[in-house]
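[1] have a look at this fold, sequence not included:
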């Protein structure tokens, strides 16, 4: 008989501005739930309380695995409906798990205390720069089953910074290239083809960040031409980029982006602000839909990513026009 899964927590708050840690936590939550759980996501910037509560309290249409209801960008949602959410947390649905993705939630609030009592609080803040090499060493060993030299971990931390999603992607690629018994040294990092590809992906999302979708599209087509497997990693990268945009348009966490964009932060801020909350929310929905289509075999994954990049070309700061689509160069 298969092992019985532990009863899920009814309410969970993922607190912090690191999207990788939040998404990792959601994956762990999903694994703890029945396989046929029905998953629904709401954007807290636009969601109505009645819609979220109806979803939590209604029965799943297919299967009996209950529901996983996620509210992303939930800070304003919680502020708007705090009293009602406090009442819900006091008597949550027994057939659903509600997950809030928030930048902050004060410990002295009734809602925080109520969630801690009946559910779970998870801090999702990246390690500080001094602790980052240690995180890389531990992640390499525990998740990717590779050993990385301390100076190589320090180099990765230096090159990438506290972008845990990028760091994890690089470690995954290194694990494919090197035997588990060996040790990855500095020379392996600097000469890694995988790192070069990840750097190119980073450059592609930077073009979007700086309001140049036409250049981003050119880089994307080159990436697909050089490495077709790139198309399966693109959504993760674009999701992390949109998380940065969200930090700007919602006014939460933007001050912590300086390490990533450095002297180009003002340019990124202008690009994000030109999108605004409404276009940002539409971009999030579009990316989620394209990801769903790609995973279900609807359309070509690389062309789906092109569609997303092209959708951003009408931003006021988008610069030059986007060249016509060309699937494979």
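    Ah, there it is. What you see is a predicted model; the values in this text were computed from it and never measured.
[2] what are the ranges of the helices in the stretch 51-200 of the chain?
    75-80, 82-90, 110-118, 132-142, 150-160, 164-177, 186-190, 193-209 (DSSP state H, counting those that start in this stretch).
[3] dump those helices to a markdown table, plus mean neighbour count.
    C-beta: built from backbone N, CA, C; applies to glycine. Output for those, formatted as a markdown table (neighbours: other C-beta atoms under 10 Å):
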| stretch | mean neighbour count |
| --- | --- |
| helix 75-80 | 17 |
| helix 82-90 | 16 |
| helix 110-118 | 16 |
| helix 132-142 | 17 |
| helix 150-160 | 18 |
| helix 164-177 | 20 |
| helix 186-190 | 15 |
| helix 193-209 | 19 |
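[4] please convert those to CSV, extending it with distance to residue 69.
    Output for the helices of the stretch 51-200 of the chain, formatted as CSV (distance: least, C-beta to C-beta, whole Å):
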stretch, distance to residue 69
helix 75-80, 12
helix 82-90, 11
helix 110-118, 14
helix 132-142, 29
helix 150-160, 33
helix 164-177, 24
helix 186-190, 41
helix 193-209, 29
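[5] could you identify which of these has the lowest mean pLDDT?
    With a mean of 71, helix 193-209 has the lowest mean pLDDT of these.
[6] what's the separation between residue 241 and residue 163?
    The spacing between residue 241 and residue 163, counted by C-beta to C-beta, to the nearest Å, is 11 Å.
[7] of these two, who's got more company?
    It is residue 241, of residue 241 and residue 163, that has more neighbours when counted by other C-beta atoms under 10 Å, with 22 against 19.
[8] who's in contact with that one?
    205, 208, 209 (C-beta atoms under 8 Å, 6 or more residues apart in numbering).
[9] out of the helices of the stretch 51-200 of the chain, which is closest to residue 9?
    helix 110-118 (7.6 Å; C-beta to C-beta).
[10] hmm, residue 294 is touching residue 304, no?
    Yes - the pair residue 294 / residue 304 is scored as a contact, 5.2 Å apart, by C-beta atoms under 8 Å.
[11] that's a helix at residue 275, yeah?
    Yes - counting by DSSP: H, G, I helix; E, B strand; the rest coil, residue 275 is found in a helix.
[12] how's this structure carved up into domains?
    Split into domains by automatic domain parsing, the chain comes to 11-123, 127-191, 192-319.
[13] chain center to the shortest one, what's the gap?
    Using C-alpha atoms, centre = their mean, to the nearest Å, the mean C-alpha position of domain 127-191 is found 20 Å from that of the whole chain.
[14] contacting residues for the nearest residue to residue 216 once chain neighbours are set aside?
    Among residues not flanking residue 216 along the chain, residue 207 sits closest, at 3.7 Å (C-beta to C-beta, 6 or more residues apart in numbering). Going by C-beta under 8 Å, 6+ apart, residue 207 touches 213, 215, 216, 219.
[15] in three-state terms, label the third one for me.
    Residue 216 carries the three-state label helix when classified by three-state DSSP.
[16] can you give me the neighbour number for it?
    Neighbours of residue 216 (other C-beta under 10 Å): 27.
[17] before we move on, what about the one 4 residues further on?
    Per other C-beta under 10 Å, the neighbour tally for residue 220 reads 25.
[18] is it true that it touches residue 309?
    Yes - judged on C-beta under 8 Å, residue 220 makes contact with residue 309 at a distance of 6.1 Å.
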